[in-house]
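*Asks:* mind folding the following:
(chains A and B)
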Number of protein chains: 2
Amino acid sequence: MTIARQMRLGVSIRYLGYHAAAWRHPEADPGAASKLSHFIRLAQTAEAAKLDMVFLADGIGLRTRDDPPGALCRSHQTAELEPLTLLSALSAVTSRIGLVATASTTYNEPFHIARKWASLDHLSGGRAGWNIVTSWSEAEAWNFNREQHMDYDLRYERAAEFVEVVKGLWDSWEGDALVHDKASGIFFDQSKLHWLNHKGKHFQVRGPLTIARTPQGRPILVQAGASEQGLEIAAQSADVVYTGALNLDSAKAYYVNLKDRMAKYGRARDDLKIMPGITLFIGQTEEEAQAKYKQLNDLVEPELGLSYLYSQMGDLSAYPLDGPVPEPKDPRVRSMAANNLALARRENLTIRQLYSRIAAGFGGRVLVGTPEMIVDNMVEWMEAGAADGFNLCPPVLPLGLDDFVEMVLPELHRRGLFRTEYEGTTLRENLGVPMPVNRYVAAAEAAE
Amino acid sequence: MTIARQMRLGVSIRYLGYHAAAWRHPEADPGAASKLSHFIRLAQTAEAAKLDMVFLADGIGLRTRDDPPGALCRSHQTAELEPLTLLSALSAVTSRIGLVATASTTYNEPFHIARKWASLDHLSGGRAGWNIVTSWSEAEAWNFNREQHMDYDLRYERAAEFVEVVKGLWDSWEGDALVHDKASGIFFDQSKLHWLNHKGKHFQVRGPLTIARTPQGRPILVQAGASEQGLEIAAQSADVVYTGALNLDSAKAYYVNLKDRMAKYGRARDDLKIMPGITLFIGQTEEEAQAKYKQLNDLVEPELGLSYLYSQMGDLSAYPLDGPVPEPKDPRVRSMAANNLALARRENLTIRQLYSRIAAGFGGRVLVGTPEMIVDNMVEWMEAGAADGFNLCPPVLPLGLDDFVEMVLPELHRRGLFRTEYEGTTLRENLGVPMPVNRYVAAAEAAE
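*Replies:* Below is the predicted model:
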């Protein structure tokens, strides 16, 4: 079975992997998340496999709470490197793979973001991407002069304006502005430098950006918003959307919903790639894959495991771990409690089994199986119109990425689903999304 | 002649060099300021020479104005890479040289700065430095939601609090907090993680930083403040101070003034290194050096040259370039006008000669001569108690750095004034400044 479209693949390289107990794996280096050498190894492995991009999610505060007590000190998702600096370092020791880092529109200024990501795009020769988030946690608000975090609508209103300002700053210099005419002494053509002069509700930014137009025109824009406002930002501006879809039906609905919105912004459906996250436990046999899954789950201490249920279901530490999942008593329980409870009832899971499911892939979709089973599932999602590719979230790093490269990648190649060589030198070329037209060039052409 | 102290040396690698016409030099690549390869070449050259650090000054706006008209399009100080991303990239391809980037306390948040520079310190194995500035230009204010820039006292008040918050965040994790005990499942010792809980006039920051204590304890702090408030921040916290001293007497006065202030913060005089900036035109003969100086000065077009006088002396474009420097008519003339005028009168300079002086080293101190003459001058400054070393600001890059390495460095070695091998692996060790003690460790020891 082959399908016409090539699959897009990214890999998330945050922490030591997405599994709660990743750091306790016998082969894991628990201190690796602070070491450049670890990330060079990961990025070079991903590049040798011709993956589209490496990706770093981010939060700007310690989101992990000590609920129940004893959870925090067991979490490896507490100490790490900062994504922009890390990907900038990786730009010097890779040559083709995309470098996508997260930054918040709530706790940054557009001038800094426009400038830093433009710089990364230059440093990498056109491989930078910005994953746009709005920051949802109080822990982040408390680090940035606030008592509580901004409400959802205000965050997204700010985000929409923020993205427009950043895109405007990226158009400051036309692509051929820097003429560098030594004979006449003219360094640049002043008619091709533009001041943005933005005055909006949230920002006043004059510009221009003090950095030349970048190799990709502008960095790749990545988004993950599932709300109405998030979908509109994605439909208008995103080149890539990561999703956390847990099942095929919801993934299909999201895919259609988002792609249907693109036409009103003058964009083709294929100009945006939707890439659901997926955590894989891979074995040459199903038993081997299940053994890998069980090995890590057995390393999740109850204090840590229960913390994955705490925010949705409250403190379950008084209940027997190997007994049934109780109905939550807290009336403030969020919508995910219902999902967890339905899952537990449907599959008759104990508390321990339920938290193991969630802790295995940080709440995301988990697949356990052989390369054939996994690729079958990927193909099913792509043929159903639920995905243009996938964002791999390995349970342990580098092991999970190595497993993918050694076992799944050959199966993808066998079926003609994934490249064996990069198509271009920039992330934009490899993703197959169009170059943006500078707004000032477009306006001049329209006026002619 | 030898002196006991070893000289500290850094090199500023911003733009294509400090000379206004650097990009027009026959050997210069005018587009190099946007190319990683150019900066790798510079950093590796400086590291092979065992220099203490490379340094990037910064502004977050287009400061260059088109005054008089025709100046802006001739300036190469308009398009560049962003310093933090650039030095992060260089961290992956160097191993010993310090990496010092500038960031403004006026248009940043302390959590971001603490986190990003801590990350750079990890990435580089202990070679990060933060040059603390407050941003003086309206062009920067306009990019950050302000109509005009914050007044001087308020900027420095904010800076002082900002630096204290950043230092506090850097103490979030004690050095041995991450125990990584796979057997027990304890990732870190929770008693060694600290929340800052800062609530001040300008900032509220809870912490903790989500990054382990850095190889240098904290990044090296660099400062350049000459005002009363700036001197106090430097005396309390800086490891290195860059100065723009133009003559020996003022440099000596500054040196004594600053070092005298350190005792009240419990610091030894040698815990802070004062490094005046210097732009060198070097030749094996004085004639060769003068020819290099003249070659570049002849490439400064009048429009650009006059822009170097504009902000201090107003528009002089109506006067003959090869005639005397007129008295400024504008009553708002700033203090530097008097200096420029005194210089012009003392040496009987024409307008062209005056702007050439300033444009040659971006207003900083310029020396033109043989290696012997230059080292004699350096020794004079060090023996007079005006400098602990120098921050080189080459007129053209990489040429000016190559000249220094090929001609001045051997003379420094011959006189035993500069290292032939790095003393340590971190910038802190190489500078010979002490490791900071974590405040929580110090408090616990004091309580015992």
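*Asks:* only C-alpha atoms from now on, for both contacts and neighbour counts.
*Replies:* Fine.
*Asks:* what residues does the stretch 251-400 of chain A put near chain B?
*Replies:* Counting by C-alpha under 8 Å from any C-alpha of the partner chain, the residues of the stretch 251-400 of chain A lying close to chain B are A:299, A:301.
*Asks:* any regions of the stretch 251-400 of chain A where pLDDT drops low?
*Replies:* A:330-336 (pLDDT under 70).
*Asks:* by proximity to chain B, which residue of chain A wins?
*Replies:* For chain A and chain B, the shortest gap (C-alpha to the nearest C-alpha) falls at residue A:89, measuring 3.8 Å.
*Asks:* what about that residue, which SS state?
*Replies:* Following DSSP: H, G, I helix; E, B strand; the rest coil, residue A:89 is assigned to helix.
*Asks:* ok, the one 10 residues further on next?
*Replies:* When classified by three-state DSSP, residue A:99 comes out as strand.
*Asks:* which residues touch it?
*Replies:* By C-alpha atoms under 8 Å, 6 or more residues apart in numbering or on different chains, the residues touching residue A:99 are A:53, A:54, A:55, A:87, A:91, A:127, A:128, A:129.
*Asks:* try 10 Å this time
*Replies:* With contact set as C-alpha atoms under 10 Å, 6 or more residues apart in numbering or on different chains, residue A:99 has these partners: A:10, A:43, A:52-56, A:83-84, A:86-88, A:90-91, A:120-121, A:124, A:126-130, A:219-220, A:427.
*Asks:* what of residue A:22?
*Replies:* By C-alpha under 10 Å, 6+ apart, residue A:22 lies in contact with A:15-16, A:28-30, A:75-77, A:296-297, A:299-300, A:360, A:394-397, A:399.
*Asks:* can you do 8 Å?
*Replies:* Contacts for residue A:22 (C-alpha under 8 Å, 6+ apart) come out as A:16, A:28, A:76, A:296, A:395, A:396, A:397.
*Asks:* let's have those residues in CSV, adding neighbour count and secondary structure.
*Replies:* CSV is the format used below for the contacts of residue A:22 (neighbours: other C-alpha atoms under 10 Å in any protein chain shown; DSSP: H, G, I helix; E, B strand; the rest coil):
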residue, neighbour count, secondary structure
A:16, 29, coil
A:28, 17, coil
A:76, 27, coil
A:296, 22, helix
A:395, 29, coil
A:396, 29, coil
A:397, 30, coil
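*Asks:* between those residues, which is nearest residue B:439?
*Replies:* Of all those, residue B:439 sits closest to residue A:76, with 24.4 Å by C-alpha to C-alpha.
*Asks:* burial count for the closest residue in space to the closest one that isn't next to it in sequence?
*Replies:* Spatial nearest neighbour of residue A:76, excluding adjacent residues (C-alpha to C-alpha, 6 or more residues apart in numbering or on different chains): residue B:187 at 6.2 Å. Using other C-alpha atoms under 10 Å in any protein chain shown, residue B:187 has 25 neighbouring residues.
*Asks:* quick check: residue B:187 touching residue A:75?
*Replies:* Yes - when contacts are counted by C-alpha atoms under 8 Å, residue B:187 is listed as touching residue A:75 (6.3 Å).
*Asks:* for the contacts of residue A:22, name the two members farthest from one another.
*Replies:* Farthest pair in the contacts of residue A:22, by C-alpha to C-alpha: A:76 and A:296, 13.9 Å.
*Asks:* joint contacts of the two?
*Replies:* Between them, residue A:76 and residue A:296 share the contacting residues A:21, A:22, judged by C-alpha under 8 Å, 6+ apart.
*Asks:* ok, back up a step: for PyMOL, what selects the buried ones among the contacts of residue A:99?
*Replies:* PyMOL command restricting the contacts of residue A:99 to the buried ones, with burial defined by 16 or more other C-alpha atoms under 10 Å in any protein chain shown:
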select buried, chain A and resi 10+43+52+53+54+55+56+83+84+86+87+88+90+91+120+121+124+126+127+128+129+130+219+220+427
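*Asks:* in strands, which of the contacts of residue A:99 appear?
*Replies:* With strands defined by DSSP state E, the entries of the contacts of residue A:99 inside them are A:10, A:53, A:54, A:55, A:56, A:128, A:129, A:130, A:220.
*Asks:* dump these to JSON lines, plus pLDDT.
*Replies:* Formatted as JSON lines, the ones in strands among the contacts of residue A:99 follow (pLDDT from 0 to 100):
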{"residue": "A:10", "pLDDT": "98"}
{"residue": "A:53", "pLDDT": "98"}
{"residue": "A:54", "pLDDT": "98"}
{"residue": "A:55", "pLDDT": "98"}
{"residue": "A:56", "pLDDT": "97"}
{"residue": "A:128", "pLDDT": "98"}
{"residue": "A:129", "pLDDT": "98"}
{"residue": "A:130", "pLDDT": "98"}
{"residue": "A:220", "pLDDT": "98"}
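*Asks:* including distance to chain B, could these go into CSV?
*Replies:* Listed next are the ones in strands among the contacts of residue A:99 as CSV, based on distance: C-alpha to the nearest C-alpha, whole Å:
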residue, distance to chain B
A:10, 21
A:53, 17
A:54, 16
A:55, 17
A:56, 14
A:128, 12
A:129, 14
A:130, 14
A:220, 17
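*Asks:* output those residues as CSV; include the columns distance to residue B:233.
*Replies:* Formatted as CSV, the ones in strands among the contacts of residue A:99 follow (distance: C-alpha to C-alpha, whole Å):
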residue, distance to residue B:233
A:10, 45
A:53, 43
A:54, 40
A:55, 38
A:56, 35
A:128, 37
A:129, 37
A:130, 35
A:220, 40
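*Asks:* ok, so of the residues you listed, who is nearest residue B:114?
*Replies:* Nearest to residue B:114 among these, counting by C-alpha to C-alpha, is residue A:56 at 19.0 Å.
*Asks:* so the closest one sits against residue A:102, correct?
*Replies:* Yes - the pair residue A:56 / residue A:102 is scored as a contact, 6.2 Å apart, by C-alpha under 8 Å.
*Asks:* give me the common contacts of these two.
*Replies:* Common neighbours of residue A:56 and residue A:102 (C-alpha under 8 Å, 6+ apart) are residue A:83.
*Asks:* mind listing what's buried along stretch A:267-285?
*Replies:* Of the residues in stretch A:267-285, A:267, A:271-283 count as buried by neighbour count, 16+ other C-alpha under 10 Å.
*Asks:* among those, name the ones in strands.
*Replies:* If you go by DSSP E, the buried residues of stretch A:267-285 have A:273, A:274, A:275, A:276, A:277, A:278, A:279, A:280, A:281, A:282 in strands.
*Asks:* what bridges to the last one?
*Replies:* Okay, so that is residue A:282. On the basis of DSSP bridges, residue A:282 is bridged to residue A:369.
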